[in-house]
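Visitor: I'd like to go over a predicted model; first the sequence, then the structure.
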Amino acid sequence: MKLQCDVEVVNRMLPTCGLRNKGKSSRAVLSIGRHVDSLCLLICTAKDRSGSKYKLKENIEKFFTWFVEEGKATVRLKEPAVDICLSKADTSSLKSFLSAARLAHTGSDPASLPLSALGPVRARDVEKPRKKLSVLSRKDYPLRSSFPAALEQLQVSYCRLTRVDLRMLALRSLTRLDLSNNHIRKLPASLGDLSGLAELILHNNRLEGFGDALCSSTLQTSLQHLDLSQNQLRVLPARFCQLRHLVKLKLDENQLRRLPFHMGRLSRLRFLSAAHNQLSVLPAGFRKLSLENLDLFGNPFTQANALEHSIRLTFPLTLQELAARAVVDLRIPHGPHLVPVHLCEELSLSEVCECGRACVSASILTAVGLNLHLVAHTVVLVDNMGGTEAPVQKHFCSLQCYCQFMDSCVQRDPR
């Protein structure tokens with residue numbers, strides 16, 4: 001039975017001699033096996049690859065397993081008077097190891113135990129697990145060997161990857177994944193299973209979409225930095241704004257014709273760049289953002305004109321629209337278990353009129369100019385003329401609300 005983890009051996013007698021333990025753990029391999037006529041625990045480290053042996057039979061005073069689910073445990077021996085503190089262990093392997101140690105302590109039949117040969121270990125077995133790895137050429141890409149299981153930061157660039165390697169998706173400790181400068185066209189839904197992923201860099205690939213499944217995955221609560229610049233994106237899904245922990249978002253040099261409908265729901269977003277796309281107007285929720293830096297240079301924004309409008313109203317309103325507005329206005333709980341899925345999607349895309357009431361699928365849509373300094377502290381110029389204003393969509397729930405808005409515009413600008 002072997003276990004790889006961090007180990008600190010604490011001598012309980014040192015304080016009585018006025019000494020203090022070093023208090024530093026080392027990477028080690030622990031083995032349970034037969035030595036002469038007894039079962040022993042062998043602890044091998046990088047400094048002592050031959051290892052130190054400790055008798056187990058009737059020699060364990062206590063097990064401390066309060067934090068075993070975090071890969072931590074302590075085995076207290078009677079002789080010598082030491083505490084063997086284990087940490088950074090695989091949870092299932094640790095549980096199996098402690099079970100074997102308990103059986104060895106009680107004197108169980110050795111034939112029933114998964115014993116190991118007690119001997120020196122290889123240097124690579126006691127090396128600290130690798131946390132960072134950068135692969136910057138195709139010839140260095142690991143084809144036969146696997147990625148280190150403990151990786152927290154992985155960069156694979158300039159390797160001409162056409163898809164995300166499934167071996168990367170098994171790295172559950174990843175916090176940063178950089179797959180920039182490859183040929184990736186599609187992201188697998190299982191990428192959302194990396195529950196600790198905070199940074200995802202996909203700069204300069206050939207992505208044509210960002211799947212709905214990713215927006216509904218654990219990335220909702222983990223992802224903070226997302227770089228999708230220099231790809232082939234035409235649109236982002238409506239659910240994209242469920243990634244509410246995003247702080248930095250880069251969308252430069254794509255083919256985006258519009259930004260996500262409810263952009264304003266990204267309340268933690270502080271850095272946004274979407275330069276050199278095909279944006280003609282910004283979504284209505286854009287005015288709710290509170291950014292530190294904003295770059296929208298090189299987009300073909302149209303000239304905002306409130307007189308130019310699109311009417312999507314029926315007179316009178318349909319019963320479905322009236323009911324949908326009531327559900328949103330009154331915040332009535334709803335879901336696929338109560339109403340059809342397509343209605344849930346319509347309700348999630350509802351907008352708010354100037355009067356404060358909701359409009360779902362029926363509204364009057366126009367665009368008004370927005371000084372981008374109202375939503376961002378630092379604004380990169382929108383065009384070569386030095387402008388910092390861009391058109392933003394505005395929705396009205398009725399003809400009356402639209403007329404009142406137009407009257408107020410005339411009063412502010414009599415010309």
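Guide: Structure's in. What do you need?
Visitor: can you tell me the helix or strand for Asp383?
Guide: Using DSSP states H and E, Asp383 maps to neither a helix nor a strand.
Visitor: and it, what does it touch?
Guide: 297, 301 (Cβ atoms under 8 Å, 6 or more residues apart in numbering). Heads up, the C-betas are built off the backbone N, CA and C, glycines and all.
Visitor: Next, give phi and psi for it.
Guide: phi -150, psi 180 (degrees, to the nearest 10).
Visitor: How much space separates it from Leu197?
Guide: 36 Å (Cβ to Cβ, to the nearest Å).
Visitor: Next: His35.
Guide: 45 Å.
Visitor: Okay, the nearest residue to Glu69 once chain neighbours are set aside and Met1: tell me how far apart.
Guide: Of all residues not flanking Glu69 in the chain, Thr91 sits nearest, at 6.0 Å (Cβ to Cβ, 6 or more residues apart in numbering). Noted for Thr91: a distance of 16 Å to Met1, by Cβ to Cβ.
Visitor: which of the two has more neighbours?
Guide: Met1 (19 against 12; other Cβ atoms under 10 Å).
Visitor: so what's the more buried one up against?
Guide: 31-33, 96-97, 100, 113-116.
Visitor: Just the ones of those residues in helices?
Guide: By the criterion of DSSP state H, membership of the contacts of Met1 in helices covers 96-97, 100.
Visitor: dump the residue contacts of the closest residue to Lys62 other than its chain neighbours.
Guide: Nearest residue to Lys62, sequence neighbours excluded (Cβ to Cβ, 6+ apart): Arg76, at 4.5 Å. For Arg76, the contacting residues are 60-64, 82-84, by Cβ under 8 Å, 6+ apart.
Visitor: same thing but at 7 Å, please
Guide: Residues near Arg76 by Cβ atoms under 7 Å, 6 or more residues apart in numbering: 61-62, 83.
Visitor: what's the answer for Glu79, then?
Guide: So Glu79 contacts Asn59 (Cβ under 7 Å, 6+ apart).
Visitor: that older thread, any of the contacts of Met1 buried? List them.
Guide: Among the contacts of Met1, those classed as buried by 16 or more other Cβ atoms under 10 Å are 31-33, 97, 100, 113, 115-116.
Visitor: thinking again about what came up before, keep only those of the contacts of Arg76 that are in strands.
Guide: Members of those lying in strands (criterion: DSSP state E): 61-62, 83.
Visitor: Selection in ChimeraX covering whichever of those residues are buried, please.
Guide: This is the ChimeraX syntax for the buried subset of the ones in strands among the contacts of Arg76, where burial follows 16+ other Cβ under 10 Å:
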select :83
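Visitor: Which single one of the ones in strands among the contacts of Arg76 is nearest to Met263?
Guide: If you rank the ones in strands among the contacts of Arg76 by distance to Met263 using Cβ to Cβ, Asp83 comes first, at 54.5 Å.
Visitor: Would you mind measuring from the closest one to Asn21?
Guide: 9 Å.
Visitor: pretty sure Thr388 is in contact with Asn371, am I right?
Guide: Yes - applying Cβ atoms under 7 Å, one finds Thr388 in contact with Asn371, separated by 6.3 Å.
Visitor: Neighbour count: the two, which is higher?
Guide: Neighbour count, other Cβ under 10 Å: between Thr388 and Asn371, Thr388 has more, with 17 against 12.
Visitor: Confirm for me that Phe286 is in contact with Val392.
Guide: Yes - Phe286 is within contact range of Val392, at 5.5 Å (criterion: Cβ under 7 Å).
Visitor: So those two - more neighbours on which side?
Guide: The residue with more neighbours, out of Phe286 and Val392, is Phe286; 23 against 20, by other Cβ under 10 Å.
Visitor: one step back: list residues touching both of Asp83 and Asn21?
Guide: Joint contacts of Asp83 and Asn21 (Cβ under 7 Å, 6+ apart) are Val10.
Visitor: show me where pLDDT drops low in the chain?
Guide: 22, 126, 306-307, 409-415 (pLDDT under 70).
Visitor: any chance of the ones in helices among the contacts of Met1 in CSV, plus distance to Arg206?
Guide: Converted to CSV, the ones in helices among the contacts of Met1 look like this (distance: Cβ to Cβ, whole Å):
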residue, distance to Arg206
Ser96, 45
Phe97, 46
Ala100, 51
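Visitor: that older thread, between the contacts of Arg76, which sits nearest Leu143?
Guide: Asp83 (43.8 Å).
Visitor: what residues are up against the closest one?
Guide: Counting by Cβ under 7 Å, 6+ apart, Asp83 has contacts 10, 12, 74, 76.
Visitor: Grab the nearest non-local neighbour of it.
Guide: Val10 (4.4 Å).
Visitor: Which of the helices or strands spans the one you found?
Guide: Using DSSP H and E, Val10 falls in strand 2-11.
Visitor: and what of Thr221?
Guide: helix 219-222.
Visitor: Following the chain past that helix, name the next helix or strand.
Guide: strand 225-227.
Visitor: Residues in contact with that next one: which ones?
Guide: 198-203, 246-250.
Visitor: Which SSE is immediately downstream of it?
Guide: Immediately after strand 225-227, counting by DSSP H and E, sits strand 248-250.
Visitor: Name the residues of that next one that come out as buried.
Guide: Applying 16+ other Cβ under 10 Å to strand 248-250 flags 248-250 as buried.
Visitor: Could you dump the residues you listed into JSON lines with distance to Leu42 added?
Guide: Putting these into JSON lines (distance: Cβ to Cβ, whole Å) gives the following:
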{"residue": "Lys248", "distance to Leu42": "48"}
{"residue": "Leu249", "distance to Leu42": "52"}
{"residue": "Lys250", "distance to Leu42": "51"}
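Visitor: Which of those sits closest to Val135?
Guide: Closest to Val135, out of all of the buried residues of strand 248-250 and judged by Cβ to Cβ, is Lys250, at 22.1 Å.
Visitor: Look up which residues are beta-bridged to that closest one.
Guide: Asp227, Ser273 (DSSP bridges).
Visitor: ranges for the strands of the stretch 51-200 of the chain?
Guide: 52-55, 60-64, 73-77, 82-87, 132-135, 153-156, 176-178, 199-201 (DSSP state E, counting those that start in this stretch).
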